[in-house]
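In: Next input, structure requested:
(one chain, ligands or ions: 1)
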Amino acid sequence: MAVLTSKEKKKIQKKILQLRVAIERHDRLYYKDSQPEISDFEYDCLKNELLHLESLLPEMVTGSSVGDDRGGNLLTRKHYTPMLSLENTYNLDDVFDFDARIRKLLAIERDIEYVIEPKVDGLAVNLVYEKGQLQYALTRGNGIEGDDVTDNVKTIVGLPLYIEHVPDLIEIRGEVYMDCEIFRKINAERIQMGEVAFANARNLASGTLKLMDSETVRSRHLKILLYGIGMGNDLEKQNEIYPFLRKRGFVSQTYYHVVVNLNGIADIIRELDGACKRLPYTTDGVVFKVNDRTLQEQLGATAKAPRWAFAYKFEPECGETILRNVTFQVGRTGVITPVAELDPVNLSGSCVARATLHNADDIAKKDIRIGDTVIVEKSGEIIPAIVGVKLENRPESGLEKLVFPTDCPCCCVRLIRLPAEVAWRCPNADCPEQIIQKIIYFASKTAMDIDGLGEAVVRKLVEIGRIKTSADIYTLKKEDLYFLGNFGDKSVNRLLSNIEHSKKTELWRFINGLGIPSIGEKMAKDLANYFHHWDALVSASMEDLGHIRGIGQKVAQGIFDYFCDPKNLDLLQQFQKIGFEFEEISVRHNPNFNHKIFALTGTLQQFTRTQAKALIEKNGGSVANTLSAGVDVLIAGSDAGQKLDVARKKNISVWTESDFVEKLG
Ligand code: IVH
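Out: Alright, predicted model coming up:
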């Protein structure tokens, strides 16, 4: 290595310090707040740059850490053996270097056997069993001690609380994660409720695991996959761990390869990657592990990572495009969402023309400006995000700094930020845009399903002052609609008849339409199934609400407060006069549908999409918006397009409309 001049050294020292500050900040955002600002890829680039610079100046190495996810609210406990991180790369050549380094460290020429397995994109936990009994569960924390998340981990369905044929003390390690489908549902509900969406399933899983309210945690259906043993590992090979764990009732790795050397490794990785894409959860690469545990022990670990394991990660799909505009949208709860309007770019097979900019802090930190070349990332999740700016492409004449509004773009009332929230909100309950969004939501497919009462009509009716609340919809007369123009006799009659028909609907639709904080479609169904009658819900005590599975203290308080607020009571009184007739939904647990996830494509002859969805749900199934991993059955009507090909490729069962009718029984 060339000798560095003192000027070069100073420059590197400065850069190392800058990188450490930046990494520390991103660690805090990722591990503690579960709200990262940069993608894993960008983070790994920073880390790898730091490692590279530290290798040039070994005297600057301070013994790097593994990050720290401890939050400060939970009890902490020490791990029996440290929980380390993994060295990682995005470059296949490094995998061969890793193998060469291992052979050099062990001073052996022969081939080394490796296990290659999916890298689950969740958060690491350590389960401590004493005399077979689950004593406690810890997050990785700082590697030495972690947060005690035992109550939350115990909500995970199927996790064994007692195991047999194990040493008196055993640490079982793995990853807590959330299935993409659950993530999509929860995030879609958050967006519908005007809350800030989570960036990805991993962040939602990690935010969930740190909640103080186990009932909410239970409602989020976390899962766990175990792949390692800390203290108490008597096995000789890494690949014996998985059947060992499975025999004791754990979910463990099923897709893994044992290879005797690295010949043909690219094909194996490709095959594993294909298998990973079909999994219902996100993986972000593969992990190589030396199979022989004696060799693992000989190799040991650095302060940060074992020397016997290594992660090869896949780059997410990114694209470059131009940011044309940013609009600031007001949601129905007043949250302001900045939305980037982009020159369309093709990512993971879909055309992306809009992306989220998350929040004001995000815009300021990235210093994104209109006209900039931006990097858009879409990693399987629903919302494409802007992850960076190519400053080098910015015209020399510069671009104007993007300013987040201080006042509501609709009613000009000064925006506020609630403590511990990243979102800015318009606090004005009379803000026309909030009123419009609330009514649109009330009439939407997932609530009262009033066909014909879409955004354009609602907007006009609010703007002319004809309606101010969702209840006012039911006072509309023919002349109000004629007054809007664009309406002929037929459409006026149809809309008024749809409004009239909506009075006879399922209770959950009405509950969902009200926009009670934290209540989306799923929770509205749970409430309707529990209380059956509207009056019972309105007069429910905190204790009654506390009995409902999946509803935690905070949500219960939100519901209770909603029914105490005089403004809401006024609205409910207006509704009272309308005379709704609520039908009960009774779920029939039809084995053809129960617990299965369905997707729909093409045109069905006998049912609308909404009717088909209701039938699936009435029979115990659920419906996904996309043909994502986790979907069990695709129901294909006529003119089914690309989804049908995808389903066939992914071996998802396909039902025709007549299969569907037959299975309904
Ligand atoms: S083995 C000593 N195997 O990735 C660490 N880790 O980026 C040994 N991870 O902290 C870990 N899937 O939380 C291992 N199949 C897998 C994994 C896995 C996900 C996580 C784990 C680790 C992180 C490092």
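In: Give the next helix or strand downstream of whatever helix or strand residue 614 lives in.
Out: Using DSSP states H and E, residue 614 sits in helix 609-618. Following helix 609-618 in sequence order, the next helix or strand is strand 622-623 (DSSP H and E).
In: bridging residues for the closest residue to residue 122 other than its chain neighbours?
Out: Nearest non-adjacent residue to residue 122, counting by C-beta to C-beta, 6 or more residues apart in numbering: residue 177, 3.1 Å away. For every residue, glycine as well, the C-beta is placed using N, CA and C. Assessed by DSSP bridges, residue 177 has beta-bridge partners residue 223.
In: Residue 88 too?
Out: residue 311.
In: Contact partners for it?
Out: By C-beta atoms under 8 Å, 6 or more residues apart in numbering, the residues touching residue 88 are 44, 285, 310-313.
In: Out of these, name the two that are farthest from one another.
Out: Based on C-beta to C-beta, the longest span within the contacts of residue 88 runs between 44 and 310 and measures 13.2 Å.
In: rewinding a little: wait, the residue nearest to residue 122 touches residue 119, no?
Out: No. Using C-beta atoms under 8 Å, residue 177 makes no contact with residue 119, being 11.1 Å away.
In: Looking at these two, which one has more neighbours?
Out: Neighbours were counted for residue 177 and for residue 119 using other C-beta atoms under 10 Å; residue 177 has more, 26 against 21.
In: Please determine how far the more buried one is located from residue 444.
Out: 31 Å (C-beta to C-beta, to the nearest Å).
In: ok and the residue in the stretch 401-550 of the chain nearest the ligand?
Out: At 25.5 Å from the ligand, residue 422 is the closest residue in the stretch 401-550 of the chain, using C-beta to the nearest ligand atom.
In: did I read that right, that residue in a strand?
Out: No. Counting by DSSP: H, G, I helix; E, B strand; the rest coil, residue 422 is not found in a strand; it is coil.
In: thinking it is in contact with residue 35, fair?
Out: Yes. Taking C-beta under 8 Å as the definition, residue 422 is a contact partner of residue 35 at 6.7 Å.
In: Same drill for the two, tell me which one is more crowded.
Out: Per other C-beta under 10 Å, whichever of residue 422 and residue 35 has more neighbours is residue 35, with 18 against 15.
In: Once you drop chain neighbours, what's closest to the more buried one?
Out: residue 29 (5.7 Å).
In: okay, now that neighbour: neighbour count?
Out: By other C-beta under 10 Å, the residues close to residue 29 number 17.
In: can you tell me how far it sits from the ligand?
Out: 17 Å (C-beta to the nearest ligand atom, to the nearest Å).
In: can you confirm that residue is in a helix?
Out: Yes. Counting by three-state DSSP, residue 29 is found in a helix.
In: mind checking pLDDT for it?
Out: We have a pLDDT of 78 for residue 29.
In: same deal with residue 379?
Out: Residue 379 carries a pLDDT score of 58 in this model.
In: One more: residue 627?
Out: With respect to pLDDT, residue 627 has a value of 71.
In: where along the stretch 301-450 of the chain do the helices fall?
Out: For the stretch 301-450 of the chain, applying DSSP state H, counting those that start in this stretch gives helices covering 360-366, 432-443.
In: Ok, the stretch 51-200 of the chain next?
Out: For the stretch 51-200 of the chain, helices defined by DSSP H, counting those that start in this stretch occupy the ranges 92-106, 150-153, 180-192.
In: between these, which one is nearest to residue 295?
Out: Set against residue 295 and scored by C-beta to C-beta, the helices of the stretch 51-200 of the chain come closest in helix 92-106, at 6.3 Å.
In: tell me the average confidence for that closest one?
Out: Mean per-residue pLDDT for helix 92-106: 92.
In: do you know how far the residue nearest to residue 35 is from residue 285?
Out: For residue 29, the distance to residue 285 (C-beta to C-beta) stands at 21 Å.
In: returning to what we had before: list of residues touching the helix holding residue 614?
Out: Residues from elsewhere that reach helix 609-618 (C-beta under 8 Å, 6+ apart): 445, 449, 525, 585-588, 593, 598, 600, 604, 607, 622-623, 635, 660, 664.
In: Now, of those, which are buried?
Out: Buried residues within the contacts of helix 609-618, counting neighbours by 16 or more other C-beta atoms under 10 Å: 449, 525, 585, 593, 598, 600, 604, 607, 622-623, 635, 660.
In: How about the residues of the protein by the ligand?
Out: Neighbours of the ligand within the chain, by C-beta under 6 Å from any ligand atom: 84-86, 117, 119-120, 124, 175, 227-228, 287, 306, 309, 311.
In: 8 Å - rerun?
Out: The chain has residues 66, 83-86, 88, 117-124, 140, 173-175, 225, 227-228, 253, 283-284, 287, 289, 301, 305-306, 309, 311 near the ligand, with proximity defined as C-beta under 8 Å from any ligand atom.
In: where does residue 512 fall, phi/psi-wise?
Out: Backbone torsions of residue 512, given as degrees, to the nearest 10, read phi -60, psi -40.
In: Name the stretch from the helices of the stretch 51-200 of the chain that approaches residue 239 most closely.
Out: Of all these, helix 92-106 comes closest under C-beta to C-beta, at 17.1 Å.
In: Please name every helix or strand in contact with that closest one.
Out: With contacts taken as 3 or more C-beta pairs under 8 Å, 6 or more residues apart in numbering; DSSP states H and E, helix 92-106 sits against helix 265-277, strand 283-290, helix 293-299, strand 309-313.
In: buried set for that helix?
Out: When burial is assessed from 16+ other C-beta under 10 Å, helix 92-106 yields the following buried residues: 94-95, 98-99, 102, 106.
In: Check stretch 254-263 too.
Out: Of the residues in stretch 254-263, 255-257, 259, 262 count as buried by neighbour count, 16+ other C-beta under 10 Å.
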